[in-house]
Structure formats: structure tokens, C-alpha cells
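Chemist: Quick one: sequence and predicted model below, then my questions.
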Amino acid sequence: MLKVSVLQKERIKYQPKLPKSLKGFPKLINGDKTKSVADQKDIEKLFPNTYGMPIISFEENLDMSGKTPINVGVILSGGQAPGGHNVISGIFDGVKNINPDSKLYGFIGGPGGLVDHKYIELTADIIDDYRNTGGFDIIGSGRTKLEEDWQYDKGLEIAKKLGLHSLVIIGGDDSNTNACILAEYYAAKNSGLNVIGCPKTIDGDLKNEMIEASFGFDTATKVYSGLIGNIQRDANSAKKYWHFIKLMGRSASHIALECALKTRPNITLISEEVEAKQQTLKEIVEYMAKIVAKRSESGSNFGVALIPEGLIEFIPEMKNLISELNDLLAHNESYFNSLNNDDEKFQYINSNISDKSSHIFNTLPENIQMQLLADRDPHGNVQVSKIETEQLLVNLVEEKLHEMKARGEYKGSFSTQTHFLGYEGRCAAPSNFDADYCYSLGITASVLISEGKTGYMASVRNLTAPSEEWIAGGVPITMMMNMEKRHKEMKPVIQKALVELDGAPYNYFKTKRKEWAYDTNYVFPGPIQYFGPSEICDATTEMLKLEKA
Ligand code: FBP
């Protein structure tokens, strides 16, 4: 039994608000046939059974008669994101509503639980303790990549044993790519096991025309912005530190951009812009040092800089280096790990990457070199959360300011603090928006399941309108796919949504950033509010508001 705080007790009673079409039992409306965002021929060939399906939307219809019980298995995949428990409670309530004899099983510890046959039946007693709570601890999560037939077959074995009609995979772009591959595999085998995906990730990079937001982004950015606001207030009170804050977001800079829009710090780096402008590390450092120096002219030897976690991979020279390291280590990781000491490891790296990358590698401080060589995630990516980009930038900006001082271009003082905001927000109690959105996604998934759909992602749109008017339905996952090179091979994957440099949120930020850099314009958003007026408690992200304006 979980220990429950007073807030949590009250929060458990919260009844998530649902769109009209999900009240009662929705009727399915088939839209137009779909095609993938790119590489249509390749994707169609790889997904003959699940390609081209229509978009589905729901309409109100209260007829619930004659529905047979359904058994469902659910998997939480990848990094935690606020609201996961509400997706699960939505699925649970949805399948029980369809028929009280329906059963929901949770696979333990992520996709690995499916392969290893580790599961629990989720009953009302369990579910009720987790409603509107943060975290994924109801069944745990994991990053095991499902990529081999024997894994899919082990999944089918347990699904048959439990009489499952459907699996729901709650995950980000990689996990939903997996869901799509599984759906195709099981459809090709005529196995009767369907697969539905749900869009999760605090990174906000699983989004497109039909998926307006991944869940967890709203809560996580509210938590980070509350903390950034507190740091800004401290900076503005003490007036003695520059705070360099790295923010999670493995690849895209959505989190940094959203937090900047909410808090107006002095500097926000946007990785996508760095890449588009082909900015070098040196240029980024010069840009930051210039702002530090300019603020010091008016006596402001303090400030706040936001640094997206994924930045390092977007700096062109670093991108090449990391990609070469990823390829090298993907095929030779065990040999590399068997080398005796750091000298041998550095020698091995230097003799197996290009001269240009080797040169860059050798200009980096040793701690960053080691972090770049640390274990890859199961998808073969460098773990950017472990790279101290914030400290690297502090050191380089400091060096630059020394040079400027020597030339008489800078007279201020530069004292720093570094922070990394990531894990602080991933398991926070979901905001009202995420609580409502996730519960709606869960109910949506249950309807798609009861209608025997496979290869679909649950979708809830029109998210800046009151929740009553949200539009629920399903989107074929193949529609979001394209072919990308992963470790020298072309693979079908869901296209990652990066910050759009011609999009409204970035454009608004661009018009404001100079003013925010030199003056002190901080906003202090404070903590998430769960109880109170709707305009405070139910509001969603600045990015969605700007995108939909
Ligand atoms: P998902 O894409 O799985 O949602 O995870 C995103 C993330 O939170 C990133 O922001 C971060 O880089 C990464 O997970 C950290 O992973 P881990 O939890 O394995 O340290």
C-alpha cells in the first residue's frame, strides 16, 4: 500500500474532464485513407497490412449493448512522463465500461515484461491508488527494444495465454515505431492480437498534425518553469550569479523553448537553430559571452541561460563526431569495453574515426570525452542527459571573457552556478491538462481496441479548446513514418518533430529574445496549481496557444 499525502488524497478524487465524444460509448467514423509523411513506397512495402488505413474520429452514441469482454495488456515504455497512470486508468475504466468482465494486465518493467512474461492483473483496488498521480511505478517502465522475431513470438505466447485481444504501448517515437512493427507482425500472422500506441514523452517531439502534444510535456515544463522562475528570483535578488540551466529533451528543444516563453530568461539556446545556421561551438560561446558582457555594462553581473540537453548533437562538428562514435560503438561496444584503460580507449577511438572528428574529440575536456564514450541507450544513442554541456559552456564562456577582459572589452565579474532540470519533472503529479488528456487517451485506446483496430495511435486533438470540445479518434501509425538512417542502415521510424524554425512559437521567441537578453524581464510562474480558477489550473502550454492562435 502506498503512503498517501493529504494533497494526493484530494488529488485522487479528481475526476478528469472528458471530451463530449468520449462520454457514453462513442461511434467510429472513418475518414480518408492515409499515406506516410515520406518514403511512401518503402513504408507501404514494409507494412502491407497496416499501411494506408483511414483516420478515425468518434461521435457520441450511447448504445453500449452486446459488447463482449475484452482482455488488454498495457506496457509503459521509455522515460517517465506525468500522466501515465491516468492513461492506464482510462484504459481500465474504458474496457470495464465496455463489459465489466474485461481484464487489464500490466507488463512489468516496460517492453521487457512482455518478452519475459512478467505481468500483473490491474484491478480496481490497484488502479484507484494511482489515479491522477505522477510516475510510472504502477507497473514500471523500461527501454528494451523489441526488434527480433523471437521477442515478438514470446509476446504472442503470453498474449495467447492471457487471452489478450490487444496490447497498448505507451511510449515516445521509438516505442510507437515498435508498436507499429509489432502490429504489422501480428497482423501478418493473422494472430488476432492487435496493437495500439499512445503518445508519451516530456520531450514533446512526438507530435504532428493529428497528435498535437505528447503527454507529460505540459506538466514537466510547468515544473521546470516554476523552478527556473525561482532561480531567476534568486539571481535578481543576489545579483551575483549567472545560472546555466540544462533542460531535458534528448533531441528537440521544445522544452527549452516552452520554458523560455513561460519565464523569459536572458539566454535560451535552440538546438535546431544552431544546426540550421551551422553554428560552431565557438560561435555559440561568443554569442553567450557577448550577452554576459553587455549586461555587465549596466552593472548586471547575473543572468539565466537555458541550454537544451540535446544541443551537443546539433552543433555540426559535434554531430559528426557523435555519429561516428555511435556507429563505431554500435558494432564494437564489447571490444571497446574490454580495453584496459582510458589511454587504450582514446587510442582506439582516435584511430577509428575521421581525422576531423578526432581533432575535435581531442580539444574537448576529458570529462566530456568520457561522457561521450559512456554506454549507449538500447537504441544506440549517446545518453545526452549524462553530458555536462552546461559545465562545458560555463568553462568556455569564462575563457572567452578572460580574453575579452585582456583586450579591455569586458570589465564585469562572472560567477556561475549550474543546474540540470530533468528528472525533477518527469514524475510530477500531472497538471489538470495532462490528467484530463491522459485519461481521454486511455478511454480512446479502449474504444479503438473494442473495435478491433490495430496499428493505430490514440489521438485527442483541439487541445486549446475546453476539454468538452476535444476531438478523439485514432491515427494510423504508418502515417507518421519515414525512412531514416540508423547505424548505417535505412529503417522505418516515426518522424521526430523538432522545433520548427518557421513556426509561431519560435518566431515569437525570436522577436523577444534581444529584449529578454539585455533587460531583466523575468516571469516567475510559480508551482503548478491543481485547485482553483480554471484559467490558472487548466491552461496548457504557451507553444500550443501560439501554434493554434
Ligand atoms: P522518452 O523519449 O523515452 O520519453 O525519454 C525522454 C527523456 O526523458 C529525455 O528527455 C532524456 O534524455 C532521457 O529520457 C533520459 O533517459 P533515462 O531515463 O534513461 O536517463
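Modeler: Thanks, I have the structure now.
Chemist: who's in contact with the nearest residue in space to His379 that is not next to it in sequence?
Modeler: Spatial nearest neighbour of His379, excluding adjacent residues (C-beta to C-beta, 6 or more residues apart in numbering): Asp174 at 5.5 Å. In short, each C-beta sits where N, CA and C put it, glycine included. Counting by C-beta atoms under 8 Å, 6 or more residues apart in numbering, Asp174 touches 78, 145, 379, 493-494.
Chemist: what does Thr520 give?
Modeler: Per C-beta under 8 Å, 6+ apart, neighbours of Thr520: 236, 266, 300.
Chemist: Hmm, the first one is touching Phe302, no?
Modeler: Yes. Counting by C-beta atoms under 8 Å, Asn236 does reach Phe302; the two are 7.2 Å apart.
Chemist: who in this structure is up against the ligand?
Modeler: By C-beta under 6 Å from any ligand atom, the residues of the chain that approach the ligand are 78-79, 81, 172, 201-203, 248-250, 309, 384-385, 426.
Chemist: just checking, Gly112 touches Ser141?
Modeler: No. Gly112 is not in contact with Ser141 according to C-beta under 8 Å; the separation is 9.8 Å.
Chemist: before we move on, back to that, between Asn236 and Phe302, point out the one with more neighbours.
Modeler: A direct count of neighbours by other C-beta atoms under 10 Å for Asn236 and Phe302 places Phe302 higher, at 26 against 15.
Chemist: Report the separation between that one and Tyr241.
Modeler: Per C-beta to C-beta, to the nearest Å, Phe302 is found 6 Å from Tyr241.
Chemist: Mutual contacts of the two, please.
Modeler: The contact sets of Phe302 and Tyr241 overlap at Ala235 (C-beta under 8 Å, 6+ apart).
Chemist: what's stretch 322-338 in contact with?
Modeler: Here stretch 322-338 has contacts from 312-313, 345, 348-349, 352-354, 357, 372-373, 375-376, 380-382, 487-488, using C-beta under 8 Å, 6+ apart.
Chemist: How far away from the center of its chain is that stretch?
Modeler: Mean C-alpha position of stretch 322-338 versus that of the full chain (C-alpha atoms, centre = their mean, to the nearest Å) differs by 25 Å.
Chemist: and if you look at stretch 389-397?
Modeler: With C-alpha atoms, centre = their mean, you get 25 Å for stretch 389-397.
Chemist: any idea which element Ser57 lies in?
Modeler: strand 54-59 (DSSP states H and E).
Chemist: Now restrict the residues of the chain next to the ligand to buried residues only.
Modeler: 78-79, 81, 172, 201-203, 248-250, 309, 384-385, 426 (16 or more other C-beta atoms under 10 Å).
Chemist: would a markdown table of those residues with pLDDT, distance to Phe433 and secondary structure be doable?
Modeler: Formatted as a markdown table, those follow (pLDDT from 0 to 100; distance: C-beta to C-beta, whole Å; DSSP: H, G, I helix; E, B strand; the rest coil):
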| residue | pLDDT | distance to Phe433 | secondary structure |
| --- | --- | --- | --- |
| Gly78 | 95 | 21 | coil |
| Gly79 | 96 | 19 | coil |
| Ala81 | 98 | 13 | coil |
| Gly172 | 96 | 19 | coil |
| Thr201 | 98 | 16 | coil |
| Ile202 | 98 | 13 | coil |
| Asp203 | 97 | 17 | coil |
| Met248 | 96 | 19 | coil |
| Gly249 | 94 | 19 | coil |
| Arg250 | 90 | 23 | coil |
| Glu309 | 95 | 23 | coil |
| Val384 | 83 | 27 | helix |
| Ser385 | 83 | 25 | helix |
| Arg426 | 97 | 16 | helix |
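Chemist: Need the max-distance pair from those.
Modeler: Checked with C-beta to C-beta, those reach their widest spread between Ala81 and Val384, with 17.2 Å between them.
Chemist: which residues sit in contact with the residue of the stretch 351-500 of the chain found nearest the ligand?
Modeler: Per C-beta to the nearest ligand atom, Ser385 is where the stretch 351-500 of the chain lies closest to the ligand, at 4.1 Å. Shown in contact with Ser385 (C-beta under 8 Å, 6+ apart): 248, 250, 309, 420, 422.
Chemist: Let me see the ranges of the helices in the stretch 401-549 of the chain.
Modeler: 423-426, 432-450, 504-518, 534-537, 542-548 (DSSP state H, counting those that start in this stretch).
Chemist: Would you mind listing the buried residues in the fourth one?
Modeler: Applying a neighbour-count criterion of 16+ other C-beta under 10 Å, one finds nothing buried in helix 534-537.
Chemist: likewise the first one?
Modeler: For helix 423-426, the neighbour count (16+ other C-beta under 10 Å) marks 425-426 as buried.
Chemist: Same question for the third one.
Modeler: Neighbour counts over helix 504-518 (16+ other C-beta under 10 Å) mark 505-506, 508-509, 513, 516-518 as buried.
Chemist: Looking at those, which is nearest the ligand?
Modeler: Using C-beta to the nearest ligand atom, these come closest to the ligand at Pro505, 18.5 Å.
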